[in-house]
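*Asks:* quick one: sequence plus predicted model below, questions after.
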Amino acid sequence: MRKEILERYELSGANEIIINIATDRIEDLYNNFDKKSPFLKKDLSEDFVTYLIDCVSEIEKEKFLIQINLDTPTETSSVSRVQNSIHQFFLYMKELETKQMRAKAKTSMILLGIGLFLAFISLFLSNTTAQNGSLALGVLTEGLTVAAWVSLWEAIATFLIRWMPYRKKISLYEQIAHAKVTVTTEHQK
C-alpha cells in the first residue's frame, strides 16, 4: 500500500516528493478573516494546512518539497513571504503542541504523586485494619487502594499511550516548517 501512495506524487530532480498545491492567487493560501494583516501575521487557510498535514502524514519520513502553482504572476517578495509564513506558522503549531504535551506530562506527574501517596496511606491503613478489625477502616482502605490504582493507571497510560500522538504531531509540524517551498506561475512553466 505504501508504494501505491508514494506513486501518486511526482518526484523532483533531487528525488524529493513534490506536494503540489494549485491556486489562483497567493492570497488564497491565507485565512480570509485577517485580510488587513500583512502576510507574516496572517494565519494560513485551514484547507491549505489540512492538505499539507494530510500529505506529509501520508508520505511519512520521505523527503519532500512544497510546490505552489499560481495561475496569476506574483512578486518575488510575496514568494519569500509565503515561504516564511509557512515556516513560521508550522513552528507556531509545533510550539502549541509542545505546550500541550508538557501540560499533559505535568498532569501525569501530579496523578503519579497522588497515586503513590494514596497507595502508601492505603498500605498503612491496611496494617492498622488488620490489627483493629474495624469495618469502616477496612472500607476506607479498599476505597483508597482503588483510588490509588486509578490515579497510577492514568499517569502510566499518559506516558505509555497518550504521549505518542503529541510527539508525532510535533515531528510532523517540524518537517513542514523546514520543508523547501517553491512558488511557480503559469508564465514560468
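*Replies:* Noted; the coordinates are in hand.

*Asks:* care to break this structure down by domain?
*Replies:* Structural domains assigned to the chain are 2-95+178-188, 97-170, following automatic domain parsing.

*Asks:* in a markdown table: those, plus mean pLDDT and mean neighbour count.
*Replies:* For every residue, glycine as well, the C-beta is placed using N, CA and C. Converted to a markdown table, those look like this (pLDDT from 0 to 100; neighbours: other Cβ atoms under 10 Å):
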| stretch | mean pLDDT | mean neighbour count |
| --- | --- | --- |
| domain 2-95+178-188 | 83 | 14 |
| domain 97-170 | 88 | 15 |
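
*Asks:* distance of the residue of the chain most remote from its centre from residue 65?
*Replies:* The outermost residue of the chain relative to its centre, with distances by Cα atoms, centre = their mean, is residue 132 at 53.3 Å. Separation of residue 132 from residue 65 (Cβ to Cβ, to the nearest Å): 73 Å.

*Asks:* then residue 139?
*Replies:* Per Cβ to Cβ, residue 139 is found 65 Å from residue 65.

*Asks:* residue 125 too?
*Replies:* Applying Cβ to Cβ, the value for residue 125 to residue 65 is 63 Å.

*Asks:* the closest residue to residue 62 other than its chain neighbours: what's it in contact with?
*Replies:* Leaving out its chain neighbours, the residue that sits closest to residue 62 by Cβ to Cβ, 6 or more residues apart in numbering is residue 17, at 5.3 Å. Applying Cβ atoms under 8 Å, 6 or more residues apart in numbering, we find residue 17 in contact with 6, 9, 10, 11, 59, 62, 63, 64, 65.

*Asks:* if you set the cut-off to 6 Å instead, what comes out?
*Replies:* 9, 59, 62, 64 (Cβ atoms under 6 Å, 6 or more residues apart in numbering).

*Asks:* which strand or helix spans the residue nearest the centre of the chain?
*Replies:* In the chain, the centroid-proximal residue (Cα atoms, centre = their mean) is residue 169; its distance is 2.7 Å. Applying DSSP states H and E as the criterion places residue 169 in helix 163-177.

*Asks:* ok now that helix, how far from the chain's centre?
*Replies:* Centre-to-centre, helix 163-177 and its host chain are 5 Å apart (Cα atoms, centre = their mean, to the nearest Å).

*Asks:* now the element after it, going C-ward?
*Replies:* Helix 163-177 is succeeded, C-terminally, by strand 180-185 (DSSP H and E).

*Asks:* ok, longest helix in this protein?
*Replies:* As assigned by DSSP state H, the longest helix anywhere in the chain is helix 76-132.
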